[in-house]
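J.: coords below, sequence missing:
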């Protein structure tokens, strides 16, 4: 070990220099322990990061005094100025967007509460209150959609279109070829659906129409996931299903039973390990964590929650409480695909917006290479529709192929968009994480 410096003598500057030397010496000792520690606390080389994107592009969007995007490809790193993007406008649009999401969530909870009251006591006042709640929910959803559309157009104009134009200038592609993109937004920009940026008017000027997009918490995380060996397809593998329809005072999740029927259809009953059913093992936190270690694939159909001011407290609501982001991130798994049919599983924290503290990122960091998550609350019908589309796309001849999940999610979200172009709140929330 390095000799402990004498902090009782000398100036503050001398003490800091001594501590810096000791710190440098300790790092060198760790790096000398073996090849696996050779880059301990060292910044990643661009060659290591570029290998993660293969033929695609990692896009790090930096929101600062002068905003720009770093394009990481196999050929190197290119900086693209984003002169029309400002931190002030990102802050203003994100703040307004989060306020509208909160209004919609509050209205949805009020509808559930007033419905229960009207069911229990069928009197005129309760029916009128329930009607008022439904009216408020419709107005909140309408306002969310009406403002999301210009937000998506703005994201295209100031970020996505300049990035794609720079890529086209450097390496043109055929008109029918979709670029492979990994978005890595920073700060408050991570709350906005960059993967859905565009003018959704049939013009084709959208990220959905021109790319297969995923997110990555960091390019280093993507590189680690890409380095993991791609497991061979296996007809005998089982899917872990965590199905929790009723928990606490939360409204029941009507889609849980329908999603379970879907998974039985796609995989077969004998290829499911199901936790949470009334007549089977309960979906407790310990049971879920234990089973995650024994499965490559998992589907969560349950409530999710996020505290934007204390994001590590967010998590999945299970039979005996919340499986927190912290508990998930402490795991070490060999998973390949996680489908989070739960609300706000791709949403992080306001106070630590540069940190990817989300349920989806936690599952990804813990070893599940590919994760499908949602930026905000999603309705039951839409979640089930997307699940049907994605799982049926990934199962071919009895083999489940999650390596196709990014394309499957892009296709499913695009089809939802085409059915409901004026209602982006129904389809813009769904995100894909990983290779």
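T.: On my side now, so go ahead. Remember, predicted model here, so these are calculated numbers, not experimental data. Numbers count the residues shown, from 1 in each chain.

J.: switch to C-alpha atoms for all contacts and neighbour counts from now on
T.: Noted.

J.: Residue 331 falls within a helix, correct?
T.: No. Counting by DSSP: H, G, I helix; E, B strand; the rest coil, residue 331 is not part of a helix but coil.

J.: List phi and psi for it.
T.: Note on residue 331: backbone dihedrals following degrees, to the nearest 10 are phi -80, psi 170.

J.: Could you check how far the closest residue to it other than its chain neighbours is from residue 401?
T.: On the basis of C-alpha to C-alpha, 6 or more residues apart in numbering, the spatially nearest residue to residue 331 that is not a chain neighbour turns out to be residue 366, at 5.2 Å. Applying C-alpha to C-alpha, to the nearest Å, the value for residue 366 to residue 401 is 20 Å.

J.: what do you get for residue 40?
T.: Using C-alpha to C-alpha, one gets 34 Å for the distance from residue 40 to residue 401.

J.: So which of the two has more stuff around it?
T.: In terms of neighbours (other C-alpha atoms under 10 Å), residue 401 is the more surrounded of residue 40 and residue 401; the figures are 18 against 14.

J.: Now do the same for that one: its pLDDT.
T.: As summarised for this prediction, residue 401 has a pLDDT of 93.

J.: Neighbours of the closest residue in space to it that isn't next to it in sequence, how many?
T.: Leaving aside its sequence neighbours, residue 401 sits nearest to residue 394 (C-alpha to C-alpha, 6+ apart; 5.2 Å). Per other C-alpha under 10 Å, the neighbour tally for residue 394 reads 20.

J.: now do residue 193
T.: Summarising burial for residue 193: neighbours were counted as other C-alpha under 10 Å, giving 19.

J.: right, and it touches residue 425 too?
T.: No. Residue 193 is not in contact with residue 425 according to C-alpha atoms under 8 Å; the separation is 10.2 Å.

J.: related to what we said a few turns ago, in contact with the residue nearest to residue 401, which residues?
T.: 400-402, 404-405, 408 (C-alpha atoms under 8 Å, 6 or more residues apart in numbering).

J.: Got phi/psi on it?
T.: For residue 394, the backbone dihedrals are phi -90, psi -20 (criterion: degrees, to the nearest 10).

J.: domain parsing for this structure?
T.: Under the assignment automatic domain parsing, the domains of the chain span 1-42, 52-221, 231-433.

J.: quick one, which of these is packed in tightest?
T.: The highest mean neighbour count among the domains of the chain belongs to domain 231-433 (a mean of 20), with neighbours defined as mean count of other C-alpha atoms under 10 Å.

J.: so how far is that domain from its chain's centroid?
T.: 10 Å (C-alpha atoms, centre = their mean, to the nearest Å).

J.: And the residue nearest to residue 85 when sequence neighbours are not counted, what's its pLDDT?
T.: Computed as C-alpha to C-alpha, 6+ apart, the closest residue to residue 85 that is not its neighbour in sequence is residue 158, at 5.6 Å. Residue 158 carries a pLDDT score of 96 in this model.

J.: before we move on, what about residue 431?
T.: Value for residue 431, per-residue pLDDT: 93.

J.: How about the secondary structure of it?
T.: The three-state assignment at residue 431 reads strand, by three-state DSSP.

J.: Surely it touches residue 214?
T.: Yes. Residue 431 is in contact with residue 214 according to C-alpha under 8 Å; the separation is 6.8 Å.

J.: for the residue nearest to residue 85, what are its contacts?
T.: Residue 158 makes contact with 82-85, according to C-alpha under 8 Å, 6+ apart.

J.: Spatially nearest residue to residue 223 (excluding sequence neighbours)?
T.: Take residue 223 and drop its neighbours on the chain: the residue closest to it by C-alpha to C-alpha, 6+ apart is residue 52, 4.4 Å away.

J.: again with residue 72
T.: Residue nearest to residue 72 in three dimensions, not counting chain neighbours: residue 58, with 4.9 Å by C-alpha to C-alpha, 6+ apart.

J.: Torsion angles phi and psi at that neighbour?
T.: The phi/psi pair for residue 58 (degrees, to the nearest 10) reads phi -90, psi 130.

J.: just residue 211 next, same as before
T.: On the backbone of residue 211 - angles per degrees, to the nearest 10 - the values are phi -140, psi 160.

J.: which residues touch it?
T.: Counted by C-alpha under 8 Å, 6+ apart, residue 211 has contacts 178-181.

J.: Mind checking which of the residues you listed land in strands?
T.: 179-181 (DSSP state E).

J.: Can I take it that residue 300 is in a strand?
T.: Yes. According to three-state DSSP, residue 300 belongs to a strand.

J.: Pretty sure it sits against residue 342.
T.: Yes. Here residue 300 lies in contact with residue 342, judged by C-alpha under 8 Å, at a distance of 7.0 Å.

J.: ok so, going back, ok, the contacts of residue 211 vs residue 324, which is closest?
T.: Using C-alpha to C-alpha, residue 181 is the member of the contacts of residue 211 that sits closest to residue 324, with 29.3 Å.

J.: need the next SSE after the helix or strand hosting residue 261, C-terminal direction.
T.: Assigning secondary structure by DSSP states H and E places residue 261 in helix 255-267. Using DSSP H and E, the helix or strand that directly follows helix 255-267 along the chain is strand 272-275.

J.: Right, I'll leave it there.
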